[in-house]
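Trainee: Let me see the structure of the following:
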Amino acid sequence: MKAIPVLLLLTTGLHAHTWRASDDPVEREALRAHILNEWKREHVQVASAASSIQIVAAAAASAANAPETAKAFLPFTRLDLRADGEFLYVGSNGMPDHNMMVGITAWQQQVPLPQRYFDDNAWRIPLHPKPAAQPAMIKGRFLRGAIALAVNGIPIFNPQNNRGEVSYEIGELDQWGGHCGRADDYHYHITPLHLQAQAGKGMPVAYALDGYPIYGLTEPDGSPVGKLDECHGHEAAGGYHYHASMKYPYVIGGFHGEVVEAGGQVDPQPRANPVRPDTPPLRGAEITGFESAGKDSYKLSYTVNGDKRSVSYSIKADGTYPFTYDNGRDGVVEEVYTSRGGPGGARGQGKGGEMRRGDGPPPRRDDGGRPQAFEGILDVNGDGVVTAQEFAEHAKTQAAKSGLSVADALAKAREQFNTFDHNRDGRLDTTELDELAGNAGPRDGPPGNEMKNGGGGGCGGKQEAFVALPDQPRSSDGKFLLSSPVVEDLKDLPVEFTGDGAGISPPLEWKGAPASTQSFALIMDHVAPGGDKKWYWTVYDIPTSVNSLPKDSRAIGKIGTGFKGQIGYEPPHSKGPGAKTYVITLYALSGPIEVRGTPGREELLAAMKGKVLASSSLRVVYTIGGAVGQVRPQATEASTPPPAGIEPQKGGGKKKKGGGPPGLIKPSIADTMKLHVYADNWFMLYVNGRLVAVDPIQFTPHNVVSVDFLPEYPMTIAVLAKDNADPKTGMEYGTNIGDGGFVLKFADGTLTNSTWKAKNFFHGPVNGDTANPKVIQEPLPANWWAVDFDDSAWKNATEYTVEEVDPKQPYFENDFEGAKFIWTDHLALDNTIIFRTKVEKPGWTPRWNTKPDLDVTGAPQR
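Mentor: Numbering: from 1, shown residues only. As a prediction, the model looks like this:
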């Protein structure tokens, strides 16, 4: 594939535009003239967050050799253009050169963030479009994803939004015809006619995804537009093309050329990945400005019923996205979102965007023929991975189409998911999806005998009704293979190695490890009914000098804990009837791993992240009372795939009779997040009325409390913090006056700052008089920890610097970046404080649906 050289131009900074549309919708038509005039007057450019964009200086003669379709894109020098004879591939960071967002009066609270529409996630335009046998009209169809690509590399969606409303006519679009989707991805919903000035006279301003060009309000030669067909296009001297319009359909009326429709959109097309959760509409909001606030930093200004507000955010090199929400009279909120990479760019714990909910990236010509939409059908939220829940939902859908019972489809899905989920993290990543699509790399040698005999987890074949998948071995690379001299894959584990016998660990052997392996690690786990992941054996730092473990192994490697917290091997010993499948997975690692203390499964997986070269799994079966015979088990709830661990999602499904209430899903350790707290001197913390953490060392400001916490949003946080003070004098350590300070950080970005409410209940010594000390006290209010407690009359907390609080060393050894020390007005004299705040996560739903086993609502305060 050849790259198309383009000219290198220096970029300029982004400037906010001051022109505003009238509130009268009729005058929105005047936007067109303004847009064109403004473009001629000033060319501005938004800074890109992409680390590098391929821009090659070349002579005009080289550009002349580009395919005809590419020529309209050439003036936009930040695009990455490639062609292979069949498609033009357009790489873009999703940020236009013009300003954005100003003028929107129906806002979903999304902001523009760069996307990574490059390489295999680039846009593709057919170089030789073919007329369809029957045009595919867009009204009420193709309501997801793009229908065209503007010549500046920004996608154009259907004029109708995903609810069927015309976006331009209800105030959803800015002065340039665009807005941001639920993945913070900027796109148009009308043809951006203002691009004509830079594209050049007589050039298209966009290309439909069927490959035909879209021209403006005149013919390429400047003459009036002739008669148009139902697709809003016609045949002309240069071939078929479309024309934009100032009223519906604004872009095209339908596809004259061939396209594939899948999941309500043109398929395939790139995927935008979110960083933040998607957010609901904000009634009464009007966006008044958008500007660059420095390198990779932006500020969006808006009003709500006259109250001036803003969203400021930046893109950091470490993959974090700090956001500051200035909510005017409602205060300031700060959040930090984290990028986890992926084909579409950064993503966090949010849902997928309006753009391309679950599409596969467009393959290059050498992709090896991955079946279209394999990834897209399964990856519902477009985050680049397929969770067990998404896999199960797909199985249900296909079962309905094929006539297969849902129970049978889910049973097959469970086995298939476990087969491809080599690293047992409850998700199928890019490599595992490649295998699922039959696009895995070449394998040396034939698969194991169990595959020839139809075993290997029942991972498919053409006979599978819900989805056709190729057979797969138990090894991630086809070479690295774990086995045991006492049990074969999917056979019964001898009684000696279960809780019915001696309860010792089984012997293992392996071969074919990658040459660069530096150590091995092992996890034995099992998915219990309800989706809980339990683990029974964890070993790490196994040296490469060994290729086996003897039975009852205790001296090789370092031994971790089982799910009960005990160090060593915990033998399977189920009390329930039926066969249960346990998975022993051996990991070949590229280097040593660092763990604190004695790790369990989750800690070991976290430490191995990014270091796994290959993995191999051995599945063993336990039946209460011992094996009756060497019979391969049928798929049961025991092999239920693990639930989504990072992004909470609704899930479930009915369990078999005797397995507990239908749809019961318990939270797992993967659903928790870390909480760090430092108080001078002591605290107790409630979330949503439940006691979460208490400082175990009273009145000693030398410790940080860190706990794993199960979040539920909205999240009301209430903290009682006390300085070490004599209740009669307000002093500590004789006649000394102490000082307070409290700081908190949740892993979801929740931080202490001046937006928290704070009230003091013990002040002294009054006026700092240590010679004749007096104190002012008032009783703590009833139910101060409750969600519905009224703190509206309280003042906001006061922020203090690290120097003012002077914390001890443990504070500096933990992550409190971004969090502020807070207290009330008198850091030294106020001694008993209650802090409160509420954290909203619009659109968030937990993956689990059970309540905590232990209710500590209203726990005593002392």
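Trainee: now the helices: where do they sit in the protein?
Mentor: 31-41, 60-64, 196-199, 374-378, 388-402, 406-420, 430-436, 449-452, 601-608, 802-805, 809-812 (DSSP state H).
Trainee: With just CA atoms, put the third one into PDB.
Mentor: Translated: helix 196-199. What follows is helix 196-199, C-alpha atoms only, in PDB (Å, rounded to 0.1, in the frame of the first residue of the first chain):
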ATOM      1  CA  GLN A 196     -15.400  24.500   0.100                       C
ATOM      2  CA  ALA A 197     -13.000  27.400   0.500                       C
ATOM      3  CA  GLN A 198     -10.100  25.200   1.500                       C
ATOM      4  CA  ALA A 199     -11.000  22.100  -0.600                       C
END
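Trainee: What's the mean pLDDT across it?
Mentor: Per-residue pLDDT over helix 196-199 has a mean of 90.
Trainee: quick one: contacts for Ala150?
Mentor: By CB atoms under 8 Å, 6 or more residues apart in numbering, Ala150 lies in contact with Ile156, Tyr188, Thr191, Pro192, Leu195, Val205, Ala206. To be clear about C-beta, it is placed using only N, CA and C from the backbone, and glycine gets the same treatment.
Trainee: For it, which non-adjacent residue is closest in space?
Mentor: Spatial nearest neighbour of Ala150, excluding adjacent residues (CB to CB, 6 or more residues apart in numbering): Ala206 at 4.7 Å.
Trainee: Count the neighbours of that neighbour for me.
Mentor: Residues within reach of Ala206, counting by other CB atoms under 10 Å, total 28.
Trainee: Then Gly740?
Mentor: 29.
Trainee: Quick check: the gap between it and Gly257.
Mentor: 69 Å (CB to CB, to the nearest Å).
Trainee: ok so, going back, hey, least reliable of the helices of the chain by pLDDT?
Mentor: Among the helices of the chain, helix 449-452 has the lowest mean pLDDT, at a mean of 29.
Trainee: Just give me the neighbour total for the closest residue to Val787 other than its chain neighbours.
Mentor: What sits nearest to Val787 in space, not counting adjacent residues and going by CB to CB, 6+ apart, is Thr716, at 4.5 Å. By the criterion of other CB under 10 Å, Thr716 has 20 neighbours.
Trainee: Count the neighbours of the spatially closest residue to Ser245 that is not a sequence neighbour for me.
Mentor: Counting by CB to CB, 6+ apart, His232 is the residue found nearest to Ser245 once chain neighbours are left out, at 6.8 Å. Residues lying near His232 (other CB under 10 Å) number 21.
Trainee: Tell me which residues touch His232, please.
Mentor: So His232 contacts Tyr242, His243, Ser245, Pro249, Val251, Ile252, Gly253, Gly254 (CB under 8 Å, 6+ apart).
Trainee: ok, now which ones touch the first one?
Mentor: This means Tyr242. Tyr242 neighbours (CB under 8 Å, 6+ apart): Ala208, Tyr212, Pro213, Ile214, Tyr215, Cys231, His232, Gly233, Val251, Ile252, His256.
Trainee: Dump those into JSON lines; add pLDDT and distance to Leu549 as well.
Mentor: Listed next are the contacts of Tyr242 as JSON lines, based on pLDDT from 0 to 100; distance: CB to CB, whole Å:
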{"residue": "Ala208", "pLDDT": "98", "distance to Leu549": "60"}
{"residue": "Tyr212", "pLDDT": "98", "distance to Leu549": "63"}
{"residue": "Pro213", "pLDDT": "97", "distance to Leu549": "65"}
{"residue": "Ile214", "pLDDT": "98", "distance to Leu549": "64"}
{"residue": "Tyr215", "pLDDT": "96", "distance to Leu549": "70"}
{"residue": "Cys231", "pLDDT": "97", "distance to Leu549": "66"}
{"residue": "His232", "pLDDT": "97", "distance to Leu549": "69"}
{"residue": "Gly233", "pLDDT": "97", "distance to Leu549": "68"}
{"residue": "Val251", "pLDDT": "97", "distance to Leu549": "63"}
{"residue": "Ile252", "pLDDT": "97", "distance to Leu549": "64"}
{"residue": "His256", "pLDDT": "97", "distance to Leu549": "65"}
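Trainee: which one of those is nearest Ala782?
Mentor: Nearest to Ala782 among the contacts of Tyr242: Val251, at 60.7 Å, using CB to CB.
Trainee: where's the closest residue to the closest one other than its chain neighbours relative to Tyr215, distance?
Mentor: Computed as CB to CB, 6+ apart, the closest residue to Val251 that is not its neighbour in sequence is Thr191, at 5.0 Å. Going from Thr191 to Tyr215 by CB to CB gives 9 Å.
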